[in-house]
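**Student:** I'd like to go over a predicted model; first the sequence, then the structure.
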Amino acid sequence: DIQMTQSPSTLSASVGDRVTISCRASQSISSWLAWYQQKPGKAPKLLIYKASTLESGVPSRFSGSGSGTEFTLTISSLQPDDFAAYYCQQYSSLYTFGQGTKLEIK
Amino acid sequence: QVTLREAGPALVKPTQTLTLTCTFSGFSLSTRAMCVSWVRQPPGKALEWLARIDWDDDKYYNTSLKTRLTISKDTSKNQVVLTMSNMAPVDTATYYCARIPPDRYGNSRPFDYWGQGALVTVSS
């Protein structure tokens, strides 16, 4: 099974900051990587798929990059609505989620 | 408009079998390459994929839970059912169903629509 490792597990930042979350796969997954945002008590929301393709309706301050085993999610200028948990997911070989990154207000 | 909704017991006893139903609308599981998956999330913890059923009735399971899981569908009712046997307190979680849309090039796709989730507590 493919393992996904996210870092950091917690990230403290302020409105307007640029933040980056990393995700590493235990083997190459090409670009079959998605990023989800989850707010407390809510279902995850798809932000990015195929490593860098923005889902319809997602603000352009979100971007994704990477291929193979190393991936990043970048939020260019944090907005109050962005404080949430973020998960990466590989869908190259069935599915595996990362352990999540909690983005909190500094 | 695509919607999914999970239904099932809020409380199950240890060793019992859990049955969850996902009822969806806005798409059909008879559409080529359409799939539905189940995902769970223990309180305060990460997401864990459980199972997937495809339009053609192919089924896939999390390898570590495979012996306990069964997924099935009723296309006429727009429902997907997940059963998990021998429930234990560690299975306490919110259980989600989610749609995996077809890709026009036949590529893999992630989960684009999710249900609101159903919290299941395992306790005697």
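**Tutor:** Structure received.

**Student:** Extract the residue ranges of chain A that are flagged as low pLDDT.
**Tutor:** Within chain A, no range satisfies pLDDT under 70.

**Student:** Roughly how far does the residue at the greatest distance from the centre of chain B sit from chain A?
**Tutor:** The C-alpha centroid of chain B is most remote from B:Tyr105, which lies 25.0 Å away (Cα atoms, centre = their mean). Distance of B:Tyr105 to chain A, given as Cβ to the nearest Cβ, to the nearest Å: 11 Å. From N, CA and C alone the C-beta is placed, and that goes for glycine too.

**Student:** What's the separation between that residue and A:Lys50?
**Tutor:** Distance, B:Tyr105 to A:Lys50, using Cβ to Cβ, to the nearest Å: 11 Å.

**Student:** my guess is B:Val90 is in a strand, correct?
**Tutor:** No. Under the criterion used here (DSSP: H, G, I helix; E, B strand; the rest coil), B:Val90 is helix, not part of a strand.

**Student:** Give me the pLDDT value at it.
**Tutor:** Note on B:Val90: pLDDT of 98.

**Student:** mind checking which helix or strand the residue most central in space within chain B is in?
**Tutor:** In chain B, the centroid-proximal residue (Cα atoms, centre = their mean) is B:Trp38; its distance is 2.3 Å. Assigned by DSSP states H and E, B:Trp38 belongs to strand B:35-41.

**Student:** What is the distance between that strand and the centre of its chain?
**Tutor:** 4 Å (Cα atoms, centre = their mean, to the nearest Å).

**Student:** strands paired with the following helix or strand past it, and their directions?
**Tutor:** Toward the C-terminus, strand B:35-41 is succeeded by strand B:48-54 as the next helix or strand (DSSP H and E). Sheet pairing for strand B:48-54, assigned by DSSP bridges, gives strand B:35-41 (antiparallel), strand B:59-61 (antiparallel).

**Student:** from those strands, which stretch is densest packed?
**Tutor:** Counting by mean count of other Cβ atoms under 10 Å in any protein chain shown, strand B:35-41 has the highest mean neighbour count of the strands paired with strand B:48-54, with a mean of 25.
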